[in-house]
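Undergrad: no sequence on this one, just coordinates:
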């Protein structure tokens with residue numbers, strides 16, 4: 001446009017000022033219409049995005065997400081793009097020759113739902129890794145949706161792409177249960193959430209299975225033991241095991257980290273346990289049930305027992321054997337072979353000279369004690385001495401000798417005299433001094449605490465004088481007992 005200044009007062013039009021050129025502007029271009037093109041293109045593919053022509057626009061400015069590449073069409077209404085690995089927003093503005101640009105039009109592309117939340121309640125999880133020992137019981141994997149109404153899908157694979165190709169193995173917040181059967185393994189699980197039909201980016205959970213040792217073989221050691229005794233228990237070495245964990249019954253003592261343990265037995269039985277360890281992983285426990293052996297029953301209540309020996313003389317009247325067990329126990333009697341069970345406490349026989357052993361045990365809570373031995377010895381008794389030889393009529397104060405024939409096997413003799421008589425002997429003869437009263441002289445033969453039946457002799461004391469001291473009253477002698485002695 002050309003501008004001219006007019007002098008009004010002169011009522012004329014004259015050029016009195018500077019001429020100026022005023023350019024004409026067309027204004028700001030309109031915002032482009034909808035961008036046409038795929039919203040979820042495949043990563044790495046080449047795709048086209050375009051808009052309709054904007055009136056008055058002389059060029060167009062496009063932007064694409066980071067990692068995407070415009071290969072052609074920049075400044076035009078249509079572009080070709082190589083899709084990158086991340087989502088984002090494509091924008092386009094219309095420009096005119098006056099240097100004005102429209103408002104941008106945008107299109108979200110590959111903006112997938114966010115990864116689901118890996119539930120911290122997953123067992124043994126640290127970061128995104130869960131570790132189990134081989135053979136232990138695993139729990140289901142868990143993930144939570146970050147968007148209401150989203151569907152959770154689970155996959156396995158070495159990476160997200162291979163997992164998708166393999167297809168989902170489970171759905172829902174509570175996912176698959178990992179297998180722990182094989183040690184030294186690692187499995188990658190992937191979990192995604194789908195919102196409005198669009199599946200989002202997958203989160204990864206790594207499940208590692210560390211090896212566990214094999215269960216130890218049977219525990220070797222005594223299963224019936226005495227309280228207070230020292231016992232050794234062991235298992236064969238488990239391949240790969242670095243240590244062993246032993247558990248003993250209550251009241252027992254002993255520690256070990258090897259495949260053998262020396263234990264001091266308590267007062268109660270129970271179960272011995274052992275497991276082999278590798279790192280933080282342990283085998284299944286091996287167990288052994290042990291019982292406390294009761295002490296042998298008490299046999300000191302037997303009549304005449306010394307130690308464990310009872311002695312009888314042949315033909316003597318024996319007593320039944322006895323034993324005392326602890327409260328609640330049951331006594332068990334055995335014959336001399338130690339295996340033949342008797343119906344009850346036996347009564348030994350004294351008919352024959354012999355030594356015979358009987359055995360007795362006690363059973364407590366089904367556990368039998370060691371057997372206590374009772375030895376019964378029957379000694380032979382000497383024969384009754386033959387009749388006592390010696391005077392049967394004596395005077396007070398006279399000295400007389402009495403004797404019996406030696407008894408075979410006798411080691412001593414026991415004599416008894418009438419009251420008031422004096423004399424002592426352990427042989428088969430005795431010299432005595434008579435008192436004023438007669439009575440019975442007895443003698444028995446002895447051997448090894450046994451005595452024969454008693455032999456007796458009745459003697460009388462004559463109250464008449466016996467001047468010559470021959471035990472015959474003077475009244476019964478010729479010569480009245482004068483010296484020399486008269487014969488009867």
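TA: Nice, thanks for sending it over. Source: prediction; values computed, not measured.

Undergrad: Break down the stretch 51-200 of the chain into its strands, ranges please.
TA: Using DSSP state E, counting those that start in this stretch, the strands of the stretch 51-200 of the chain run over 59-63, 69-72, 78-82, 88-95, 105-109, 117-118, 125-126, 129-133, 143-144, 151-156, 170-171, 185-195, 198-199.

Undergrad: Which one of these lies nearest to residue 339?
TA: strand 129-133 (50.0 Å; CB to CB). Any C-beta I mention is one placed from the backbone N, CA and C, and that applies to glycine too.

Undergrad: Could you list the residues in contact with the closest one?
TA: Applying CB atoms under 8 Å, 6 or more residues apart in numbering, the contact partners of strand 129-133 are 122-124, 138, 141, 178, 180, 183, 205-212, 280-282.

Undergrad: Any of those buried? List them.
TA: Buried by 16 or more other CB atoms under 10 Å: 122, 138, 141, 178, 180, 183, 205, 207, 209-212, 281-282, out of the contacts of strand 129-133.

Undergrad: Residue 194 - how many residues pack around it?
TA: 19 (other CB atoms under 10 Å).

Undergrad: Return the distance of it relative to residue 142.
TA: 18 Å (CB to CB, to the nearest Å).

Undergrad: Let me see the confidence value for residue 479.
TA: Residue 479 is assigned a predicted lDDT (pLDDT) of 59.

Undergrad: and residue 89, bridged to which residues?
TA: residue 108 (DSSP bridges).

Undergrad: pretty sure it contacts residue 104?
TA: No - using CB atoms under 8 Å as the test, residue 89 is too far from residue 104 to be in contact (9.4 Å).

Undergrad: Could you check which of these two is surrounded by more residues?
TA: Between residue 89 and residue 104, residue 104 has the larger neighbour count (other CB under 10 Å), namely 16 against 13.

Undergrad: Nearest to residue 293, out of the strands of the stretch 51-200 of the chain?
TA: strand 129-133 (38.0 Å).

Undergrad: quick one on the thing from earlier: need the strands of the stretch 51-200 of the chain in JSON lines (columns: mean pLDDT).
TA: Formatted as JSON lines, the strands of the stretch 51-200 of the chain follow (pLDDT from 0 to 100):
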{"stretch": "strand 59-63", "mean pLDDT": "97"}
{"stretch": "strand 69-72", "mean pLDDT": "96"}
{"stretch": "strand 78-82", "mean pLDDT": "97"}
{"stretch": "strand 88-95", "mean pLDDT": "95"}
{"stretch": "strand 105-109", "mean pLDDT": "93"}
{"stretch": "strand 117-118", "mean pLDDT": "90"}
{"stretch": "strand 125-126", "mean pLDDT": "93"}
{"stretch": "strand 129-133", "mean pLDDT": "95"}
{"stretch": "strand 143-144", "mean pLDDT": "92"}
{"stretch": "strand 151-156", "mean pLDDT": "93"}
{"stretch": "strand 170-171", "mean pLDDT": "88"}
{"stretch": "strand 185-195", "mean pLDDT": "93"}
{"stretch": "strand 198-199", "mean pLDDT": "83"}
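
Undergrad: Can I get the ones you listed in a markdown table including distance to residue 53?
TA: Below are the strands of the stretch 51-200 of the chain laid out as a markdown table (distance: least, CB to CB, whole Å):
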| stretch | distance to residue 53 |
| --- | --- |
| strand 59-63 | 9 |
| strand 69-72 | 18 |
| strand 78-82 | 10 |
| strand 88-95 | 9 |
| strand 105-109 | 13 |
| strand 117-118 | 46 |
| strand 125-126 | 56 |
| strand 129-133 | 55 |
| strand 143-144 | 48 |
| strand 151-156 | 42 |
| strand 170-171 | 47 |
| strand 185-195 | 35 |
| strand 198-199 | 31 |
